[in-house]
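# Give me coordinates for this.
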Amino acid sequence: ADLFDGIVMAEQRFHGEGFQEGLAEGSHAGMAEGRRHGALHGARLGSEIGSCLGFALTWRCLLQKCTDEKSSKRIKALDSLIGMIQKFPYEDPTYDKLQEDLEKIRGKFKQVCSMLNIQCDFRIGAERSSLTF
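Here you go, the predicted model:
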């Protein structure tokens, strides 16, 4: 009876062992893929935010000696954009308002570009990122 039990139960045993091996391998592969995906998107986000900050700081320096009212409004908008970027929580991937804050930064960036009469477009391609004017 024990011999037949071993044969009859073999399929169930192998099925269970195969399931456990597949689960472990899939979990490992999923973690590796998740890390690659996170690193890629984190780099893209960092590139976008860094370009916006560099843009804003450069224009802030260019306009600092201007005293007219139009330049004053532009500087105020640039200061606001710089402040938003500096407060952005880079180190916290679990921040629940990350997308919301990112959209606010993008909106402020577009507003600043409009105030400066600059047509700009930030693109991230497979080869490189670029900020065009």
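# CA atoms for contacts and neighbours, from now on please.
Noted.
# where along this structure do the helices fall?
Ranges of helices in the chain, per DSSP state H, are 2-63, 69-87, 98-115.
# Now do the shortest one against helix 69-87, angle only.
Pointing back at helix 98-115 there. Orientation check (axes from the mean of the first three to the mean of the last three CA atoms, to 10 degrees): helix 98-115 against helix 69-87 gives 160 degrees.
# what angle do helix 98-115 and helix 2-63 make?
30 degrees.
# Buried residues, helix 98-115. List them.
By 16 or more other CA atoms under 10 Å, the buried positions in helix 98-115 come out as D101, L102, I105, R106, K108, F109, K110, Q111, V112, C113.
# In contact with the last one, which residues?
The neighbours of C113, taking CA atoms under 8 Å, 6 or more residues apart in numbering as the test, are Q119, C120.
# go on, the second one?
For L102, no residue counts as a contact, taking CA under 8 Å, 6+ apart as the criterion.
# Return the per-residue confidence for it.
If you check L102, the pLDDT there is 93.
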